[in-house]
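S.K.: got a sequence here, can you build the structure:
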Amino acid sequence: MAQVWLITGSARGLGRAIAEDVLAAGDKLIATARNPQQLSDLVERYGDNVRAVALDVTDERAAIAAVQLAVDVFGRLDVLVNNAGYGNLAAIEDTTIQDFRAQLETNLFGVVNLTKAAIPVMRRQGAGRILQFSSVGGRVGPIGRGAYAAAKWGVEGFSEVLAKEVGPLGIKVTVIEPGGFRTDFAGSSQTILADNPAYASTVGAVARFQREYDGAQPGDPKKAAAAVLNIARLDEPPMRLLLGRDAVRAAAEAERTRAEADRKWRSLSESTDFIDDAAQTSNPASQSSSTGGRADLKSRTWLITGASSGLGYALAEFVLQRGDRAVLAARSMNSMSGLAARYPDRALAVGLDVTQPQQRIAAVERAQAHFGGIDVLVNNAGIDFLGAVEEQREEDYRAQFEVNFFGAVAMLRLVLPGMRRRQSGTIVNISSMDGIASLPVNGYYASSKFALEGVTESLWQEIEPIGLRAFLVEPGSFRTGIEQRTRFSGEPIEAYEATSGAFRKMMTTVSPDMFPGDPVRAAAAIYEVVASESPRHWVVLGSDAQRRIGAKLDMLRAEFEAGADTARSTDYPGSAKAIL
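M.R.: Residues are numbered from 1 along each chain as shown. Just a heads-up that it's a prediction; the model follows:
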């Protein structure tokens, strides 16, 4: 039986190659592009088997209409390929918030729009395939592509949750992660802004290499298309599929580096749980005062967002107790004012909603004027809504991105110029274990944290050569009262009773002692990493986080090794040295 496909970005590149193979195989196709005239030759060659449709993936209504057209014309939708996307090249500091938003609107929210439109159709059918085009940049934060990496890491997190939610309904999800392919992705489809001398050795070098590399990429789009068609017909497709030898090598190095870091710092990660008093003396976090490093040499000025409660408050209190200065920033001033009053010379409480541009600017300016500069930025503010991907309301999942991702990006861009001038500074982005190993009830929260992971990985590669640092904190379940603040979005859908529905029921029985993490110990661990001279990129906190992230890395390694032959099969023979 011929399959019915919908492919976004069908006019060129990998999307075009897949569209041609689909039609050559005798399948039916809704081929979408911003300019459907570019698809006219396919319509002439394949007649009624194809419909060329104008589609801007950022338009939710247009996405729904495209999916409905497949049903109206061909009676069903079997395979959705979310391929449309682009990526500009610039340092994170030089990437405007407008460009960040534009790249996420297309590369991430475009995927969300089409996916949400397709799920009800596939759910009624009891079958379907969703192929999400990410990138090896969705595993490895590439220099100069912070916004693109954030979007693709977001796609990975979103899709991982999606697969868990819709798998029991007969819908299979595969994330496709290409390396460098011989398309115009690195040519006319992108803008390069790489003339900032501060980043000449990182972003500038990548830009120079890419200009020479364009047209010589190892990946063959025709072979990639054949691999995609093969995956779409498998009864048990992989969750992730790398394409290209360069992608295989880059992913292997990234997984090795992260696994080694997790093993090296496991004792510190697990030290943040509540434990018996008798074990206190063996807790590495409690011994941070004797670890040496820069904490013993000078005090710092910290700016901590979301400092009014939970981990943010615990960290603020800890750094003040250690003699550092702290700018306590949050929407609610109540608890922060009391803490600031205890340390009048070293604490400053400022009102800050990280989604508001003027408040962000005012908070940074007040911090710099009061203390002369910011040594450590901690992007801790965050919100979470629970519910299946299909259940959650658009206003709720967009709100999570505004706080958890765009707010963090805006804050780090505001502090970077001052840190660069002083050639010193650290950015701490509070992610979550859900930013690596997500659950079938928090797809959009996980996606926002995956996005934060991606942009941070690009960030540290850009700023470490100029004397700055950035790292991610991935906490597990901490005793911060989050069970009282947990909110569900949208009305329950019966089909998700075994996944999202089960979590809704479980949350009614949650008690604080079910959260093993101790916020004070977590604060000590974060302080120790900032103080240490040893570079860290991933800081896992909590035994549950260590366990879940470890299981995820094991799964990635198994899928990575199982798909190695397919990945290598898509290169042009005798290709030049890969870009990554």
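
S.K.: give me phi/psi at the residue nearest to Ile427 when sequence neighbours are not counted?
M.R.: Leaving aside its sequence neighbours, Ile427 sits nearest to Ala470 (Cβ to Cβ, 6 or more residues apart in numbering; 4.2 Å). Every residue, glycine included, has its C-beta placed from N, CA and C. The phi/psi pair for Ala470 (degrees, to the nearest 10) reads phi -150, psi 140.

S.K.: burial of Ala470, as a residue count?
M.R.: For Ala470, the neighbour count with other Cβ atoms under 10 Å is 25.

S.K.: same check on Lys116?
M.R.: When neighbours are defined as other Cβ under 10 Å, Lys116 has 19 of them.

S.K.: state the distance from it to Val57.
M.R.: The gap separating Lys116 from Val57 is 12 Å, by Cβ to Cβ, to the nearest Å.

S.K.: joint contacts of those two?
M.R.: Applying Cβ atoms under 8 Å, 6 or more residues apart in numbering, one finds that Lys116 and Val57 are jointly contacted by Ala63.

S.K.: any low-confidence regions in the protein?
M.R.: 185-189, 215, 275-297, 483, 579-580 (pLDDT under 70).

S.K.: can you give me the strands for the stretch 51-200 of the chain?
M.R.: Taking DSSP state E, counting those that start in this stretch, the strands of the stretch 51-200 of the chain run over residues 79-82, 89-90, 128-133, 171-178, 192-193.

S.K.: hey, which of those strands is tucked in deepest?
M.R.: Per residue and on average, the most neighbours among the strands of the stretch 51-200 of the chain fall to strand 79-82, with a mean of 28 (mean count of other Cβ atoms under 10 Å).

S.K.: could I have that strand exported to PDB, CA atoms only?
M.R.: Provided in PDB are the C-alpha atoms of strand 79-82 (Å, rounded to 0.1, in the frame of the first residue of the first chain):
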ATOM      1  CA  VAL A  79       4.500  10.000   7.200                       C
ATOM      2  CA  LEU A  80       5.300  13.600   8.300                       C
ATOM      3  CA  VAL A  81       8.800  14.900   7.600                       C
ATOM      4  CA  ASN A  82       9.600  18.100   9.400                       C
END
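
S.K.: partner strands of that strand, with direction?
M.R.: strand 4-7 (parallel), strand 128-133 (parallel) (DSSP bridges).

S.K.: wait, which of those is closest to Gly306?
M.R.: The closest of these to Gly306 is strand 128-133. By Cβ to Cβ, the value is 30.3 Å.

S.K.: so how far is that closest one off the chain centroid?
M.R.: Strand 128-133 sits 18 Å away from the centroid of its parent chain (Cα atoms, centre = their mean, to the nearest Å).

S.K.: just stretch 65-80 next, same as before
M.R.: Counting by Cα atoms, centre = their mean, stretch 65-80 comes out at 29 Å from the chain centroid.

S.K.: one more: stretch 118-125?
M.R.: With Cα atoms, centre = their mean, you get 26 Å for stretch 118-125.

S.K.: before we move on, what about stretch 28-39?
M.R.: Relative to the mean C-alpha coordinate of its chain, stretch 28-39 is positioned 29 Å out (Cα atoms, centre = their mean).

S.K.: could you look up the SS state of Ser438?
M.R.: Three-state call for Ser438 (DSSP: H, G, I helix; E, B strand; the rest coil): coil.

S.K.: surely it and Gly157 touch.
M.R.: Yes. With contacts counted by Cβ atoms under 8 Å, Ser438 reaches Gly157, the gap being 5.6 Å.

S.K.: more neighbours, those two?
M.R.: Using other Cβ under 10 Å, the more surrounded residue of Ser438 and Gly157 is Gly157, with 30 against 27.

S.K.: so the more buried one sits against Ala451, correct?
M.R.: Yes. Gly157 lies in contact with Ala451 (Cβ under 8 Å); the separation is 7.3 Å.

S.K.: give me phi/psi at Leu234?
M.R.: Main-chain torsions, Leu234, degrees, to the nearest 10: phi -80, psi 140.

S.K.: tell me the contacts of the residue nearest to Ile427?
M.R.: By Cβ under 8 Å, 6+ apart, Ala470 lies in contact with Leu412, Thr426, Ile427, Val428, Asn429, Thr456, Leu459, Trp460, Ile463, Glu464.

S.K.: in terms of distance to Asn49, which of those ranks first?
M.R.: Checking the contacts of Ala470 against Asn49 by Cβ to Cβ gives Thr456 as the nearest, at 44.8 Å.

S.K.: of all the strands paired with strand 79-82, which one comes closest to Arg263?
M.R.: strand 128-133 (30.1 Å).

S.K.: okay if I get the strands of the stretch 51-200 of the chain as CSV plus distance to Ala367?
M.R.: Shown next, in CSV, are these (distance: least, Cβ to Cβ, whole Å):
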stretch, distance to Ala367
strand 79-82, 41
strand 89-90, 26
strand 128-133, 40
strand 171-178, 39
strand 192-193, 28
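
S.K.: Met419 is nearest to which of those strands?
M.R.: Nearest to Met419, of all the strands of the stretch 51-200 of the chain, is strand 89-90, at 18.2 Å by Cβ to Cβ.

S.K.: what sits up against the closest one?
M.R.: The contact list for strand 89-90, computed with Cβ under 8 Å, 6+ apart, reads Asp99, Gly144, Arg145, Gln190, Thr191, Ile192, Leu193, Ala194, Val203, Val206, Ala207, Gln210.

S.K.: try stretch 456-469
M.R.: With Cβ under 8 Å, 6+ apart as the criterion, stretch 456-469 contacts 91-93, 140-146, 149-150, 153, 198-199, 201-203, 412, 416, 419-420, 423-427, 429, 431, 470-472, 535, 537.

S.K.: list the buried residues of it.
M.R.: Thr456, Glu457, Ser458, Leu459, Trp460, Gln461, Glu462, Ile463, Leu468, Arg469 (16 or more other Cβ atoms under 10 Å).

S.K.: what distance do you get for the first one to Trp153?
M.R.: Going back to what we said before, that points to Thr456. Distance from Thr456 to Trp153, by Cβ to Cβ: 9 Å.

S.K.: between those two, which contacts overlap?
M.R.: Gly141.

S.K.: and the helices in the stretch 451-580 of the chain, which stretches?
M.R.: With helices called from DSSP state H, counting those that start in this stretch, the stretch 451-580 of the chain shows them at 482-485, 500-507, 519-531, 543-562, 564-568.

S.K.: how about the contacts of Ala470 in CSV, adding distance to Val520?
M.R.: Formatted as CSV, the contacts of Ala470 follow (distance: Cβ to Cβ, whole Å):
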residue, distance to Val520
Leu412, 26
Thr426, 21
Ile427, 23
Val428, 17
Asn429, 21
Thr456, 25
Leu459, 28
Trp460, 27
Ile463, 29
Glu464, 30
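
S.K.: which ones among those residues map onto strands?
M.R.: Applying DSSP state E to the contacts of Ala470, the entries found in strands are Thr426, Ile427, Val428, Asn429.

S.K.: ok, the first one to Leu6 distance?
M.R.: When distances are taken as Cβ to Cβ, Thr426 and Leu6 turn out to be 45 Å apart.

S.K.: these two: which is more packed in?
M.R.: More crowded of Thr426 and Leu6, by other Cβ under 10 Å: Leu6, with 29 against 21.

S.K.: hmm, Val121 and that one touching each other?
M.R.: No. At 9.9 Å, Leu6 does not count as touching Val121 under the criterion of Cβ under 8 Å.

S.K.: mutual contacts of those two, please.
M.R.: With contacts defined as Cβ under 8 Å, 6+ apart, the residues adjacent to both Leu6 and Val121 are Val67, Ala70, Leu77.

S.K.: the last one and Ala66 touch, don't they?
M.R.: No. Using Cβ under 8 Å, Leu77 and Ala66 do not qualify as a contacting pair, with a distance of 9.6 Å.

S.K.: any residues in contact with both of these two?
M.R.: Counting by Cβ under 8 Å, 6+ apart, the contacts common to Leu77 and Ala66 are Leu6, Ile30.

S.K.: hmm, who's touching stretch 32-50?
M.R.: Here stretch 32-50 makes contact (Cβ under 8 Å, 6+ apart) with 6-12, 15, 19-20, 23, 26-31, 51-57, 66, 84.
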